[in-house]
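# What shape does this take:
(2 chains)
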Amino acid sequence: MPSARSSMLDRAPSETPSDMDAKPRPVEFRGAGFMPSTGRASGWIALALVIALWQLAGSAGWVNPLFLPPPSAIAVATYKLAMSGALWQHLGWSVMRIGVGWLLGTVAGVIVGFAIGLSTLARGVGITFISALFPIPKIALLPLLILWLGIGEEPKIATIALGVFFSTAISVYSGVDAVPRNLIRMAQSFNVPFHAIVRRVIWPGALPSILAGFRITASVALLLVVSAEMIGAQYGIGAFVLQAGNLMQTDQLLAGVVILSLFGLAVGKLINLLEARLLHWR
Amino acid sequence: MDLIADHISHRFDTLDVLDDVSFTVRAGEVVAIVGPSGCGKSTLLSILGGLLRPTGGAAKLRGAPPKDSLNPLTFVFQDFALLPWCTVEENVAFPLQHTALDVAERRAVVEDALRRTGLSDFRGTYPKQLSGGMRQRVGIARALAVKPAILLMDEPLSALDSQTRELLMEDFVRLLADGAMGAVYVTHNLEEAVRLADRILVLSRRPGRIRKVVQVAMTRSERGDRNVREKLLALQEELWSLIREEAIDAEREVQHA
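Alright, predicted model coming up:
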């Protein structure tokens, strides 16, 4: 039935009977899903369950503790290592190697990355070399570096620095490339000098990418320190894990792995803090 | 100070963008540049402001800029070009950091620019917290802070909704009222052109040439009056009839990039 307010824009009245008398029904909701939220509780519960199951498997004798010691044994081994001071000695060496290597690689990477991002000549030369050398697994260079630098700390630190350098350089120049051109043109339009554009526009603009690069290089450094220590070191978490394995002390071996995991987590948290502080404007 | 486009031509590789464009923007004058999309309006503005080197001709200045001008040719950008990591106040102060002004003078200039654009209460906010209109106000405050002789405005309202556009247009009318600042106002919006400009240059389709120069024989304050609205609409119609055919062609053009 045509409505009383029909106008010339309305369609011609239909032949079908009016829907006015029918009962209204709700429009079916179909917008659910595709929005996973980060519930923390479920993650912790799952972790606790896995550890409990692992403990149960060990205590009940389902698995041979020589191959997979229960979490309690790992905790005891970690505690003993901490009390004896061995843990701190090994950790201290690893942290020193990572710290020095990472810092050297990062400083060099940032400088080279900025040069590639800002200069045509550096870009031509730099990208060629980085493309050629980046794919080399840096640990493969350790024997060569030992020949060059001796058997002390230098080759291990150099290996870490090299691994960190390439990733950093790439993330820095991609970050510089990603700084919106319009911001640079804006600064130029106000006659802001080159060094100030670099410091006040390009550096903060590239920082998100640089910090994302830190996340990668931190794990690269951890990987390389463990590998280098396994190849030739008396102290260090990598050396410790290898020795424990050779002696079938799996509880100690896994204690070392737990320490590494905690160290990685701590570095990740540190970078989170840094991001929250430096990138609060995002 | 006058700004002169002296036989400017430009080509990007094989693409001719501008062809022998000449005109003069006199001190305090507002010149709008309109034309179909892709006619080289923004390219022309970049050349006028020294951000792009033309392949032919030159942009020139005649006469001295006002004494206190820190940046005689100052851009207002379509996308605002605000530093996202700086607050409103820091964004406005950004171009002043490398001038001879001392800290107190700088603060006074920023204060004045914030007040003139109604941003005083927003000095500590970050761009992402602001609406589009407020962001462009920051862009305008930043431009005012350097006391330009000529504002180079590249579609300053085209990223905004129509209500915000209306409000900002009123701001522009107010800011340009005393004739202390001239402006080159690039737009595809003919209403903006007839509301703000003393003179409107109609560019042809690529390569952009000056097709017609339309004088708007009314003061900007008169144009707010109801009675002249019809005159302005007629002018807008005239401009549209000049551009329409080419706008259709421009829209149907396939990019060969």
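# Kindly report the residues of chain B close to chain A.
Residues of chain B found near chain A (CB under 8 Å from any CB of the partner chain) are B:49-51, B:71, B:73-75, B:77, B:79, B:81, B:83-86, B:94-95, B:97-98, B:126, B:128, B:146. (Each C-beta comes from the backbone N, C-alpha and C, glycine too.)
# Weed out the non-buried ones from these.
B:49, B:51, B:71, B:73-75, B:77, B:79, B:81, B:83, B:85-86, B:94-95, B:98, B:126, B:146 (16 or more other CB atoms under 10 Å in any protein chain shown).
# Which stretches in the stretch 101-250 of chain B count as helices?
Secondary structure of the stretch 101-250 of chain B by DSSP state H, counting those that start in this stretch: the helices cover B:103-116, B:132-145, B:162-175, B:190-196, B:220-223, B:229-252.
# Let me know the next secondary structure element after the helix or strand hosting A:Ile160.
Element membership for A:Ile160 (DSSP states H and E) is helix A:154-178. Per DSSP H and E, the first helix or strand lying C-terminal to helix A:154-178 is helix A:181-189.
# in chain A, which helix has the most residues?
If you go by DSSP state H, chain A has its longest helix at helix A:86-118.
# Return the set of residues that bridge with the nearest residue in space to B:Gly35 that is not next to it in sequence.
Closest residue in space to B:Gly35, ignoring its immediate chain neighbours: B:Leu203 at 3.3 Å, by CB to CB, 6 or more residues apart in numbering or on different chains. For B:Leu203, the residues forming beta bridges with it (DSSP bridges) are B:Ile210.
# How many residues are close by B:Leu203?
26 (other CB atoms under 10 Å in any protein chain shown).
# and residue 19, how many residues sit next to it?
All of this is about chain A. 8.
# I was after chain B.
Around B:Asp19 there are 20 residues (other CB under 10 Å).
# same check, this time on B:Asp178
Residues near B:Asp178, counting by other CB under 10 Å, number 8.
# now B:Ala234
11.
# what pairs with the residue most central in space within chain B across the strands?
With distances taken as CA atoms, centre = their mean, B:Met153 lies nearest the centre of chain B, 1.4 Å away. Residues in a beta bridge with B:Met153, per DSSP bridges, are B:Val76, B:Tyr185.
# among the buried ones among the residues of chain B next to chain A, which are in helices?
Among these, no member lies in helices (by DSSP H).
# how near is A:Gln252 to A:Leu162?
As for A:Gln252, its distance to A:Leu162 is 30 Å (criterion: CB to CB, to the nearest Å).
# try A:Asp251
Where A:Leu162 is concerned, A:Asp251 sits at a distance of 34 Å (CB to CB).
# So which residues make contact with stretch A:96-112?
Applying CB atoms under 8 Å, 6 or more residues apart in numbering or on different chains, the contact partners of stretch A:96-112 are A:122, A:126, A:153, A:156-169, A:171-172, A:210, A:213-214, A:217-218, A:221-222, A:224-225, A:228-229, A:236.
# buried set for it?
A:Arg97, A:Ile98, A:Val100, A:Gly101, A:Trp102, A:Leu104, A:Gly105, A:Thr106, A:Ala108, A:Gly109, A:Val110, A:Val112.
# can you check stretch A:273-282 too?
A:Glu275.
# quick one: contacts of it?
Stretch A:273-282 has contacts (CB under 8 Å, 6+ apart) with A:Leu207, A:Pro208, A:Leu211, A:Phe214, B:Pro84, B:Trp85, B:Cys86, B:Tyr126, B:Lys128.
# repeat for stretch A:59-75
Counting by CB under 8 Å, 6+ apart, A:51, A:54-58, A:77, A:248, A:250-251, A:254-255, A:258 sit against stretch A:59-75.
# who in chain A is up against chain B?
A:180, A:182-183, A:185-193, A:196, A:200-201, A:204-205, A:281-282.
# what's the spacing between stretch A:138-157 and its chain's center?
Centroid separation for stretch A:138-157 versus its chain: 26 Å, with CA atoms, centre = their mean, to the nearest Å.
# what pLDDT, on average, does that stretch get?
Summarised as a single mean, pLDDT over stretch A:138-157 is 92.
# circling back: select from the contacts of stretch A:59-75 the one having the most neighbours.
Result: A:Ala255 is most packed of the contacts of stretch A:59-75 (other CB under 10 Å), 27 neighbours.
# My reading is that that residue lies in a helix. Confirm?
Yes. Counting by DSSP: H, G, I helix; E, B strand; the rest coil, A:Ala255 is found in a helix.
# From chain B, how far out is it?
43 Å (CB to the nearest CB, to the nearest Å).
# contacting residues around that residue?
A:Ile74, A:Ala77, A:Thr78, A:Leu81, A:Leu87, A:Ala244.
# I'd like these written out as a markdown table, with pLDDT and secondary structure added.
Converted to a markdown table, the contacts of A:Ala255 look like this (pLDDT from 0 to 100; DSSP: H, G, I helix; E, B strand; the rest coil):
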| residue | pLDDT | secondary structure |
| --- | --- | --- |
| A:Ile74 | 94 | helix |
| A:Ala77 | 94 | helix |
| A:Thr78 | 94 | helix |
| A:Leu81 | 92 | helix |
| A:Leu87 | 90 | helix |
| A:Ala244 | 94 | helix |
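# could the residues you listed go into a markdown table alongside distance to B:Arg199?
Output for the contacts of A:Ala255, formatted as a markdown table (distance: CB to CB, whole Å):
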| residue | distance to B:Arg199 |
| --- | --- |
| A:Ile74 | 82 |
| A:Ala77 | 85 |
| A:Thr78 | 81 |
| A:Leu81 | 83 |
| A:Leu87 | 80 |
| A:Ala244 | 84 |
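# Which member of those is positioned nearest chain B?
A:Leu87 (41.2 Å; CB to the nearest CB).
# wait, that closest one sits on A:Leu260?
No. Applying CB atoms under 8 Å, one finds A:Leu87 not in contact with A:Leu260, separated by 11.8 Å.
# tally of neighbours for residue 23?
I'll assume chain A. 4.
# was after chain B, sorry
18.
# Verify the assumption that it is located in a strand.
Yes. Counting by three-state DSSP, B:Phe23 is located in a strand.
# Report the contact partners of the residue nearest to it when sequence neighbours are not counted.
Nearest residue to B:Phe23, sequence neighbours excluded (CB to CB, 6+ apart): B:Ala5, at 5.2 Å. Applying CB under 8 Å, 6+ apart, we find B:Ala5 in contact with B:Val21, B:Ser22, B:Phe23, B:Thr24, B:Leu44, B:Ile47, B:Leu48, B:Gly57, B:Ala59.
# neighbouring strands for the strand or helix carrying B:Ala5, and are they parallel or not?
With secondary structure defined by DSSP H and E, B:Ala5 is part of strand B:2-12. Paired neighbours of strand B:2-12 in the sheet (DSSP bridges): strand B:15-25 (antiparallel), strand B:56-62 (antiparallel).
# tell me which residues of that strand are tucked away?
Buried, per 16+ other CB under 10 Å, within strand B:2-12: B:Leu3, B:Ile4, B:Ala5, B:Ile8, B:Ser9, B:His10, B:Arg11.
# for the record, mean pLDDT for it?
94.
# thinking again about what came up before, inside strands: which ones of the buried ones among the residues of chain B next to chain A?
B:Leu73, B:Thr74, B:Phe75 (DSSP state E).
# A:Lys269: which of the residues you listed is nearest?
A:Lys269 lies nearest to B:Phe75 out of those, by CB to CB, at 42.7 Å.
# which residues touch that closest one?
By CB under 8 Å, 6+ apart, the neighbours of B:Phe75 are A:Met186, A:Ser189, B:Leu45, B:Gly49, B:Leu51, B:Ala81, B:Ala143, B:Leu151, B:Leu152, B:Met153, B:Asp154.
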